[in-house]
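**Q** Could you look at this predicted model? Sequence included:
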Amino acid sequence: MELDTPDRILLINKPLRWTSFDVVRKLRGILKIKKIGHAGTLDPLATGLLILCTGKMTKQIDTFQAQEKEYTGKMILGQTTPSYDLETAPTPPQDISGISEQMIRGVTSQFTGSISQIPPLHSAIKVEGKRAYKLARAGSDAKLKPREVTISTFEITDINLPEVGFRVVCSKGTYIRSLAHDMGQALGVGAYLSELCRTRIGDFLLKDAQTLDELANENLS
């Protein structure tokens, strides 16, 4: 039986290795409600802020999805992966001794403002009616079309080679995995995304989000 759950906006700190739909399914069980959806997918290997809406608030999902996003994360220079992250195995390390801190900080200017970005093939984008990641897993070399995105901030926060920490503020539709991959290409040594956390969507902040356990305990009390 479905409980009389009010129309709500829920801020959840998505756990590592959970899909966004895993979170939806878990909340359906906790809240005993069917009408719930998330506003903006996070990859399983990403953590951080996930907005979920219940009841009549689901009508606002598109509005939340369109808002500016902020992320922190880390990339590894000198290696690449087919998925641009750790979903797939990295290539053997390349020599990155010629890469300086100045080069790393300087190359970020190529990826700020309005840029053209190709999403990773290991993504949920549809290609001729099929999810791209399914084509990738089947060995397809299908090419995705570039899309215009806006990156208003691309800040290097820490350099401990081969690891590089960063903060990005960007528009809807930006793939941070592609950003890491493209930056590695620009430096000539390759790179992949090793860690990602979404810290903000519009005015909603990760620091105000609950874990699934906290929400479950709140609804048991």
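**A** Perfect, I can see it now.

**Q** Which helix or strand contains residue 22?
**A** Under the criterion of DSSP states H and E, residue 22 resides in helix 20-31.

**Q** typo on my end, residue 192
**A** Counting by DSSP H and E, residue 192 is found in strand 191-201.

**Q** the helices in this structure, which residues?
**A** Assigned by DSSP state H, the helices in the chain fall at 20-31, 61-65, 101-107, 132-137, 176-187, 212-220.

**Q** Tell me which of those is the most buried.
**A** helix 176-187 (a mean of 22; mean count of other Cβ atoms under 10 Å). All C-beta atoms are positioned from the backbone trio N, CA, C, and that covers glycine.

**Q** chain center to the strand holding residue 192: distance?
**A** 6 Å (Cα atoms, centre = their mean, to the nearest Å).

**Q** between it and helix 176-187, how big is the angle?
**A** Interaxial angle of strand 191-201 relative to helix 176-187 (axes from the mean of the first three to the mean of the last three Cα atoms, to 10 degrees): 140 degrees.

**Q** now for strand 191-201, which elements pack on it?
**A** strand 46-54, strand 69-77, helix 176-187 (3 or more Cβ pairs under 8 Å, 6 or more residues apart in numbering; DSSP states H and E).

**Q** what's the closest non-adjacent residue to residue 165?
**A** Distances taken as Cβ to Cβ, 6 or more residues apart in numbering put residue 158 closest to residue 165, at 3.4 Å, once the chain neighbours are dropped.

**Q** With residue 52 instead?
**A** Spatial nearest neighbour of residue 52, excluding adjacent residues (Cβ to Cβ, 6+ apart): residue 10 at 4.3 Å.

**Q** and that neighbour, what does it touch?
**A** By Cβ atoms under 8 Å, 6 or more residues apart in numbering, the contact list for residue 10 reads 27, 51, 52, 53, 54, 210, 215.
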